[in-house]
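Undergrad: A predicted structure for the sequence below; I have some questions about it.
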Amino acid sequence: MQIQIDTSLGPIAGTQSSDHQSFLGIPFAQPPIGELRFRAPEPPEPWSSTLVASRYRPAAPQGESALPGMIVGETAEDCLYLNVFTPRADSAARPVLFWIHGGGFTSGSASQDLYDGVPLATRGDVVVVTINYRLGMLGYLSLDGVEANNGQRDQIAALEWVRDNIESFGGDPENVTIFGESAGGMAVTALLAMPAARGLFCRAISQSGSTHPGYGSDAADTVAATLLEELGVNDVAGLRSAPVESLIKAQLRCLAKARRASVQLPFVPVIDAVSMPKSPLDAVVAGAACDIALLVGTNLDEFKLFTLGNRKVTAMGNESLAKRARSLTAAYGRDDSTAAKLVETYRSALEQRGANSPYEILSAIESDRSFRLPGIRIAEAQCIHQPQTFSYLLTWKSPAAKGLLGACHALELPFVFGTLCAPTMDRFAGTGPDADRLSETMMDSWLAFARSGDPSCDSLPSWDRYDKERRATMLFDRDCKLVDAPYDTERAAWDQILA
């Protein structure tokens, strides 16, 4: 059955279900095609006839996903659409949860089964909004004649749509929580640093989203030059006239080159005088997000998702581990003795956990370096300005690959969204009463944070705020518990390297 409401742009018809209403594929900006390619998003044109919002619209152009259960479906440049899930489009002024999907800024979609907004909306009596945004070179190319950070600007345009319209869907425009995972978590922290985003949300949740410093002009120029070379064009005009299929093929070649050079994310938000004047961390240190409650966390074994099936890494010996450690610490200007000390620190810590193979040591080092430490840095910076700063760590282990994945990257997603029944999630996240209970707990915690800025809920022990003295962190597992400064020896080792 259809349900119709009025918005500032025109009437919209959604779908009425037994316990919720959904409005899928709502445009929040003009299609970024033709002359609008590589430009900041423009407001959508109003409409007079009813817009039927009953199906997901295409995701941003990208390569095919190799991950089971993460199929994005149709893609197109005309991709700036969002979806709204609400218990009822009335005047209840519910909290709003605004989701930014991950995928390395080159893949992903709001329509993936994992991100179904219905379980959160109905369990918590909230409104859930999920969005698409431009990815890869179309959203994050930095080049003369191209407006910087267009993928981030798309997110801001969607937040402006929420401000102007969400009240018609039963939401409160003054109570918006942005949340995202991986690149989506990085996008969340980038929004903390973007002046145009201020006032559009009051709370933020960054899941496994490192506070990437943002590329400076030199690194961004290198990526742009590589793309121009791959495409055989000289300027923005050539990029604007090229078929989108050619752009994506060139982007995939650029990604392959970058990864061979150990650059995992060639497309990221960049420091830009207009859209993002400071890196996210520097902005937070300066108090740019002092009025934003923050929940930040990671998973214990993030790195293991990226090495599954790579025998060169999983079967590595001590010599290969030492070489990798030397390469990592050299990037921070440290000598070989620092690398050896880092390895021994992790070896000693992992012996107490019963897993100290070279691969386990490398996984722990990389998980901390790329995910946990950056999350700690943003929490340390924010808690000085904002007392409602909280930290979590997921330690629940995936049953996949005979347990080799551990608490890997992305594992928290089906628990947070209540989508353990999504395709392949039974094998990835697990099933049974313990899994269901953990999902209910994480959902309730995220919902509580969206309501009040405090993630405490009845199924958790008391959750104290984060500070640099105690470093109180909620561990999510079969038995959830608050721990002061978990895995702190490893954190302290990195403090010395990064000092």
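TA: Cool, the structure landed. Remember, it's a predicted structure, so these values are computed and weren't measured experimentally.

Undergrad: next, the buried residues of the strand or helix carrying Ala219.
TA: Here Ala219 sits within helix 217-231, counting by DSSP states H and E. Taking 16 or more other CB atoms under 10 Å as the neighbour-count basis, helix 217-231 is seen to contain the buried residues 220, 222-224, 226-228, 230-231. Yep, even glycine has a C-beta here, placed from its N, CA and C like the rest.

Undergrad: now stretch 140-148
TA: For stretch 140-148, a neighbour-count test (16+ other CB under 10 Å) marks 140-143, 146-148 as buried.

Undergrad: and it, how far from the chain's centre?
TA: Here the centre of mass of C-alpha atoms in stretch 140-148, compared against the chain's by CA atoms, centre = their mean, to the nearest Å, lies 22 Å away.

Undergrad: now the terminal residues of that stretch, how far apart.
TA: Start and end residues of stretch 140-148 are separated by 7 Å (CA to CA, to the nearest Å).

Undergrad: show me where this protein has strands.
TA: Secondary structure of the chain (DSSP state E): strands at 2-6, 11-16, 21-27, 51-52, 81-86, 94-100, 127-131, 171-181, 203-207, 293-299, 389-394, 472-476, 481-484.

Undergrad: any buried residues in the second one, and which?
TA: Buried residues in strand 11-16, defined by neighbour count with 16+ other CB under 10 Å: 12, 14-15.

Undergrad: what does the last one give?
TA: Along strand 481-484, the positions that meet the burial threshold by neighbour count (16+ other CB under 10 Å) are Leu482.

Undergrad: what lies in contact with that strand?
TA: Strand 481-484 is touched from outside by 461-464, 470-475, with contacts defined as CB atoms under 8 Å, 6 or more residues apart in numbering.

Undergrad: so which of these comes closest to Leu373?
TA: Each of these was scored against Leu373 by CB to CB, and Arg471 proved nearest at 12.4 Å.

Undergrad: how many neighbours does that closest one have?
TA: Applying other CB atoms under 10 Å, we find 18 residues neighbouring Arg471.

Undergrad: how near is it to Asp116?
TA: Here the distance between Arg471 and Asp116 works out to 34 Å (CB to CB, to the nearest Å).

Undergrad: repeat that for Leu362.
TA: On the measure of CB to CB, Leu362 and Asp116 end up 35 Å apart.

Undergrad: just Phe201 next, same as before
TA: Counting by CB to CB, the separation of Phe201 from Asp116 is 22 Å.

Undergrad: cool, and Gln264?
TA: Look at Gln264 and Asp116: by CB to CB, they are 28 Å apart.

Undergrad: where does pLDDT dip in the protein?
TA: Low-confidence regions of the chain, defined here as pLDDT under 70, cover residues 65-69, 212-218.

Undergrad: pick out the residue nearest the middle of it.
TA: To find the centre residue of the chain, average its C-alpha atoms and take the closest one (CA atoms, centre = their mean): that gives Gly184, at 2.1 Å.

Undergrad: hang on, that residue packs against Phe98?
TA: No: proximity of Gly184 to Phe98 does not meet the contact threshold set by CB atoms under 8 Å, at 10.6 Å.

Undergrad: how is this protein partitioned into domains?
TA: Partitioning the chain according to automatic domain parsing yields domains covering residues 2-291, 299-498.

Undergrad: so which of those domains is the most packed in?
TA: Across the domains of the chain, averaging neighbours per residue (mean count of other CB atoms under 10 Å) puts domain 2-291 on top, at a mean of 20.

Undergrad: against Asp484, how distant is the closest residue to Asp19 other than its chain neighbours?
TA: What sits nearest to Asp19 in space, not counting adjacent residues and going by CB to CB, 6 or more residues apart in numbering, is Thr122, at 5.2 Å. Applying CB to CB, the value for Thr122 to Asp484 is 35 Å.

Undergrad: longest helix in this structure, please.
TA: The longest helix of the chain (DSSP state H) is helix 433-452.
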